[in-house]
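Q: fold the following for me, if possible:
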Amino acid sequence: MHHKQTLPSKECEHCQRPFNWRKKWARDWVQVRYCSERCKREAKKSR
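A: Got it, this is the predicted structure:
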């Protein structure tokens, strides 16, 4: 059984694409809203 298939996922608030949990987000997965730094940056520009 592959563990990657059971990882939680979310939808990016900027690009609307799904993304999966990563170890670097282990401490603050609840607060993660964007799939990448690029989406985070683009979202800030469009505000």
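Q: got the contact list for stretch 18-26?
A: Identification of contacts with stretch 18-26 by Cβ atoms under 8 Å, 6 or more residues apart in numbering yields 4, 7, 8, 9, 10, 11, 12, 29, 32, 35. For the C-beta atoms, the positions are set from N, CA and C on the backbone; glycine is no exception.
Q: now do the contacts for the third one.
A: When contacts are counted by Cβ under 8 Å, 6+ apart, residue 8 is found next to 20, 21, 29.
Q: among these, who's most crowded?
A: residue 21 (15 neighbours; other Cβ atoms under 10 Å).
Q: need the pLDDT of the residue nearest the centre of the chain.
A: With distances taken as Cα atoms, centre = their mean, the residue of the chain nearest its centroid is residue 35 (3.5 Å). Per-residue pLDDT puts residue 35 at 97.
Q: likewise for residue 22?
A: 94.
Q: now it: how far from residue 40?
A: Distance of residue 22 to residue 40, given as Cβ to Cβ, to the nearest Å: 14 Å.
Q: coming back round to it: sort out for me which of the contacts of residue 8 are in helices.
A: In helices, judged by DSSP state H, none of the contacts of residue 8 are found.
Q: coming back round to it: dump the contacts of stretch 18-26 to CSV, plus distance to residue 47.
A: Shown next, in CSV, are these (distance: Cβ to Cβ, whole Å):
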residue, distance to residue 47
4, 33
7, 30
8, 27
9, 25
10, 20
11, 19
12, 16
29, 23
32, 18
35, 18
